[in-house]
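[1] requesting a structural model of the entry that follows:
(chains A and B)
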Amino acid sequence: MTNPNGRFGIHGGQYIPETLMNAVIELEEAYLHYKNDPDFRRELTLLLNEYAGRPSRLYYAEKMTRDLGGAKIYLKREDLNHTGAHKINNVLGQALLARKMGKTRLIAETGAGQHGVAAATAAALMGMECVVFMGEEDTRRQALNVYRMKLLGAEVIPVKTGTATLKDAVSEAMREWTSRISDTHYCLGSVMGPHPFPTIVRDFQAVISEEIKEQMLQKEGRLPDAVIACVGGGSNAIGSFYHFLEEKSVRLIGCEAAGRGIDTFETAATIATGRVGIFHGMKSYFCQDSYGQIAPVYSISAGLDYPGVGPEHAYLHDIGRAEYVPVTDDEAVNAFEYLARTEGIIPAIESAHALAHAMKIAPTMDQNKIIVITISGRGDKDCAAIGRYRGEDIYE
Amino acid sequence: MSNIGKAFEHGKAFIAFITCGDPDLETTAAAVKAAVENGADLIELGIPFSDPTAEGPVIQGANLRALDGGITTDKIFAFVRALRHDVKVPMVFMTYANVVFSYGAEKFISTCRDLEIDGLILPDLPFEEKEEFRPLCKRYGVDLISLIAPTSMNRIAMIAKEAEGFLYLVSSLGVTGMRTEITTDLASIVKVVRENTEIPCAIGFGISTPEQAAKMAGLSDGVIVGSAIIKLLEKYGKNAPEQIGAYIMAMKEAMR
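    Sure thing, here's the model as predicted:
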């Protein structure tokens, strides 16, 4: 679905400074070489299974299904992975690739901190240096994850520029990469940025849909009717969708963070409110003003608080293969609490956006229909913030 | 073919970068005039972008100050229209791809021609992506300036062969900003450039002192200075143009 220039329809590309061009070309060459290398595949599979705990469970949420009274609901439990989110799938792949390329240092951006923690984890495991850029605002929202990264031996650099959130962390990581390339791999955390990142990250996350398909065939003997995942940059969503792209009977639904609502300025719903633009190395949809200045976005979820979306999602939207829907803070918080009470599972607030939409559509579907919701991460990191949202005086 | 070549007709060129609207357009106009009166051969006008990923802290600051002051692409176009009555040296816009794309590439680039803007520098538009704007730049006679970096290596010849206006040689790894030392082997890069194109080659990123200017001018056809000028604007605000004039005079003197 990607052509040699890393295009997904009109989206994607390599809009980066000349200084980085040879680095992304070198990365692409290395990736094309190793992705079919049996030794690399074996090493990665071993890490994913023995270290990260794959395959992750496909859990039948019976109580939730009964309570909502419609479609049968399965949860893809990426929250059970080592480090507590899907981010580890991509990071182990990229860290292994970086090591094969002779790189000794990983840099990464992080929003909620899950990708930063995963990168720090992989670096610790593989004996690499690790520097994580995190918006200063996010270091406050996700203080526990900052401590976890430091505990794992990473250096965390709070980014104070702009809105001091994820987009600024990406900008700062890109700036750092232009200043130090020879020993450093930029371990991008989502299906965004310049080619080949959207393709590499997608391929490493595609294990999610590969497993869903296999597990679903085992449990139900058929494919699901819908797969639902949250979308910031969109890595867990593309991972959940990928092996269903050609299965046209499967509805693919991405849930964007609407923040306080898509009719307000406090939103991060890129496809619902953005326009095509060029930023962070790619052409895609971005929240921006009429002069192309990138808009300050907002979501309760630090992991979805990004003004753009991965180019493959932009393309899937354009061709109508996937649907993208906005979900507000309130809806996500309700879903977060609902899953905790109903199934005894505390999901990441990011994943709660996907849950919230499933809760809307499941009751409208027949009982013989099946929905899979990807629980991209666990919600321990969010408890204090959600407590505060509900007016409780909790600090980590 | 634009007028950019004229900037290189009187010996080594001094190219001054100034962010439009930092702290306001009146000061920008005075700064540009002071720069030209004191020997600047080409003016690079920055159109601010909210997230300038190729810039160091100094120019990032200028971008944000200008945007906070309410600057827009349309206000800058009106400003340049007036400025063109007084300023005859070649001028180029430096901004980011999204500013051009979002405005409507054809509307933006055709306006450049109307304003006698000679070229466009887009640091996030590498060789592989220049078709995004190049056909329109050709149609309207605006040079799309190519950049070469210390990491370009096997790409130098390819970029140089298709370069227009002048070649912007990035002196060092990293983002814009002043550096105490430039260690890249620029002479070898310039040699490959010379083998592949006739157009002039100017060095930028990290140049702030007369000594650096003299050395870089010795290696190439000119120097590009941004952060050092922006620093004066940051420090002296509305009174910066006089300081900028004196600074550029000293830099030009060192380059002779």
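[2] in contact with whatever residue of the stretch 51-200 of chain A ends up closest to chain B, which residues?
    Residue nearest to chain B within the stretch 51-200 of chain A: A:Ser179 (3.3 Å; Cβ to the nearest Cβ). Just so you know, the C-beta spots here come from the backbone N, C-alpha and C atoms, and that holds for glycine as well. The neighbourhood of A:Ser179, defined by Cβ atoms under 8 Å, 6 or more residues apart in numbering or on different chains, consists of B:Leu173, B:Gly174, B:Val175.
[3] A:Ala173 versus that one, what's the distance?
    For A:Ser179, the distance to A:Ala173 equals 11 Å [Cβ to Cβ, to the nearest Å].
[4] how about A:Val131?
    Using Cβ to Cβ, which is the criterion applied here, A:Val131 is 9 Å from A:Ala173.
[5] top strand in chain B by residue count?
    Using DSSP state E to define each element, chain B has its longest strand at strand B:13-19.
[6] any part of it near chain A?
    No. Shown here: strand B:13-19 not in contact with chain A (Cβ under 8 Å from any Cβ of the partner chain), separated by at least 14.2 Å.
[7] by contact count, what packs against the helix or strand that that strand is followed by?
    Using DSSP states H and E, the helix or strand that follows strand B:13-19 in sequence is helix B:25-37. Applying 3 or more Cβ pairs under 8 Å, 6 or more residues apart in numbering or on different chains; DSSP states H and E, one finds that helix B:25-37 makes contact with strand B:13-19, strand B:42-46, helix B:73-83, helix B:227-236, helix B:240-255.
[8] pipe these into a markdown table and attach mean neighbour count and mean pLDDT per row.
    Listed next are those as a markdown table, based on neighbours: other Cβ atoms under 10 Å in any protein chain shown; pLDDT from 0 to 100:
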| stretch | mean neighbour count | mean pLDDT |
| --- | --- | --- |
| strand B:13-19 | 27 | 98 |
| strand B:42-46 | 25 | 98 |
| helix B:73-83 | 18 | 98 |
| helix B:227-236 | 21 | 97 |
| helix B:240-255 | 20 | 98 |
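[9] quick one: residues contacting the closest residue to chain A within the stretch 51-200 of chain B.
    Closest to chain A within the stretch 51-200 of chain B is B:Ser102: 2.7 Å, counting by Cβ to the nearest Cβ. Taking Cβ under 8 Å, 6+ apart, we find B:Ser102 in contact with A:Arg275, A:Gly277, A:Gln288, A:Ser290, A:Tyr291, A:Gly292.
[10] in whichever strand or helix holds B:Leu147, which of the residues would be classed as buried?
    Counting by DSSP H and E, the element that carries B:Leu147 is strand B:146-148. Using 16 or more other Cβ atoms under 10 Å in any protein chain shown as the test for burial, strand B:146-148 gives B:Ser146, B:Leu147, B:Ile148.
[11] same check on stretch A:18-36?
    Buried, per 16+ other Cβ under 10 Å, within stretch A:18-36: A:18-25, A:27-28, A:30-31, A:34-35.
[12] show residues contacting that stretch.
    Counting by Cβ under 8 Å, 6+ apart, A:14, A:16, A:40-41, A:97, A:100-101, A:174, A:177-178, A:181, A:185-186, A:194-197, A:199-200, A:203, B:123, B:126-128, B:146-155, B:159, B:170, B:173-174 sit against stretch A:18-36.
[13] next step: these restricted to strands.
    Using DSSP E, the contacts of stretch A:18-36 in strands are A:Gln14, A:His185, A:Tyr186, B:Ser146, B:Leu147, B:Ile148, B:Val170.
[14] go through those and say which is closest to A:Ile107.
    Among those, A:Tyr186 lies closest to A:Ile107 (Cβ to Cβ), at 5.4 Å.
[15] model confidence score at that closest one, please.
    pLDDT, A:Tyr186: 98.
[16] name the nearest residue to it, sequence neighbours excluded.
    Spatial nearest neighbour of A:Tyr186, excluding adjacent residues (Cβ to Cβ, 6 or more residues apart in numbering or on different chains): A:Trp177 at 4.5 Å.
[17] show the contacting residues for the one you found.
    Going by Cβ under 8 Å, 6+ apart, the list of residues near A:Trp177 reads A:Leu20, A:Ala23, A:Ile107, A:Thr184, A:Tyr186.
[18] one more time with 7 Å, if that's ok
    Going by Cβ atoms under 7 Å, 6 or more residues apart in numbering or on different chains, A:Trp177 touches A:Leu20, A:Ile107, A:Thr184, A:Tyr186.
[19] redo those residues as CSV? Include distance to A:Asn5.
    Formatted as CSV, those follow (distance: Cβ to Cβ, whole Å):
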residue, distance to A:Asn5
A:Leu20, 16
A:Ile107, 25
A:Thr184, 25
A:Tyr186, 20
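[20] pull the most distant pair out of those residues.
    A:Leu20 and A:Ile107, at 12.5 Å, using Cβ to Cβ across the contacts of A:Trp177.
[21] what residues are up against the residue of the stretch 251-396 of chain A found nearest chain B?
    Closest approach between the stretch 251-396 of chain A and chain B, counting by Cβ to the nearest Cβ: A:Gly292, at 2.7 Å. Applying Cβ under 7 Å, 6+ apart, we find A:Gly292 in contact with A:Gly277, B:Asn98, B:Val99, B:Phe101, B:Ser102, B:Tyr103.
[22] I'd guess it is in a strand, am I close?
    No. Using DSSP: H, G, I helix; E, B strand; the rest coil, the secondary structure at A:Gly292 is coil, not a strand.
[23] can you pull the phi/psi pair for the nearest residue to it once chain neighbours are set aside?
    Computed as Cβ to Cβ, 6+ apart, the closest residue to A:Gly292 that is not its neighbour in sequence is B:Ser102, at 2.7 Å. Torsion angles at B:Ser102 (phi, psi; degrees, to the nearest 10) stand at phi -70, psi -30.
[24] go on, A:Gly320?
    Torsion angles, degrees, to the nearest 10, at A:Gly320: phi 80, psi 10.
[25] how deep is it tucked in, by neighbour count?
    Neighbours of A:Gly320 under the rule other Cβ atoms under 10 Å in any protein chain shown: 7.
[26] of the ones in strands among the contacts of stretch A:18-36, which is the nearest to A:Tyr242?
    Among the ones in strands among the contacts of stretch A:18-36, and counting by Cβ to Cβ, the member closest to A:Tyr242 is A:Gln14, at 21.8 Å.
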